[in-house]
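Engineer: Coordinates only, no sequence provided:
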């Protein structure tokens with residue numbers, strides 16, 4: 001199967017869509033964590049409470065589909081691109097970004113969810129501000145890794 005088949009195009013679109021959804025959701029978590037950090041003694045607004053409502057951020061978990069669709073792309077291209085470094089560089093960047101999301105962003109997001117839950121007194125909590133800053137920085141780094149991976153996938157070095 002070549003790169004110009006409808007199936008290849010569909011899998012490529014799913015690969016890109018899962019990356020945009022996953023990394024986009026992580027970026028939004030960082031933006032909202034920054035807003036929560038700046039509460040400084042004020043109660044959180046409804047927008048922040050809605051974003052940080054308890055539960056998993058399923059949109060961000062779309063990140064786990066990126067290498068699945070990437071591997072399918074390699075298979076559909078008969079492994080021709082597997083001999084080049086760009087898919088492996090992209091996979092390495094994805095591993096670092098997903099590790100950072102798993103180790104820092106998502107646990108931090110759960111802590112912010114608990115802190116902003118209705119009835120929680122948190123706006124003056126210095127621990128929340130520090131946790132939000134940590135989430136914000138980790139989400140920014142995952143966004144930078146995403147941009148770098150996109151650049152590598154477009155340039156296809158090697």
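Structural biologist: Now that the structure is in, tell me what you want to look at. Note that the structure is a prediction, hence the values are computed from the model and not measured. Numbering: from 1, shown residues only.

Engineer: For the residue nearest in space to the middle of the chain, which non-adjacent residue is closest in space?
Structural biologist: Residue closest to the mean C-alpha point of the chain, counted by Cα atoms, centre = their mean, is residue 23 at 3.1 Å. Of all residues not flanking residue 23 in the chain, residue 146 sits nearest, at 4.1 Å (Cβ to Cβ, 6 or more residues apart in numbering). For the C-beta atoms, the positions are set from N, CA and C on the backbone; glycine is no exception.

Engineer: contacting residues around the one you found?
Structural biologist: The contact partners of residue 146, taken as Cβ atoms under 8 Å, 6 or more residues apart in numbering, are 19, 23, 93, 97.

Engineer: returning to that earlier point: give the contact list for the residue nearest to the centre of the chain.
Structural biologist: Taking Cβ under 8 Å, 6+ apart, we find residue 23 in contact with 63, 97, 142, 143, 146.

Engineer: List of residues touching stretch 61-76?
Structural biologist: 1, 5, 7-8, 11-12, 14-15, 17-19, 21-23, 25-26, 81-82, 87, 90-91, 94, 97-98, 101.
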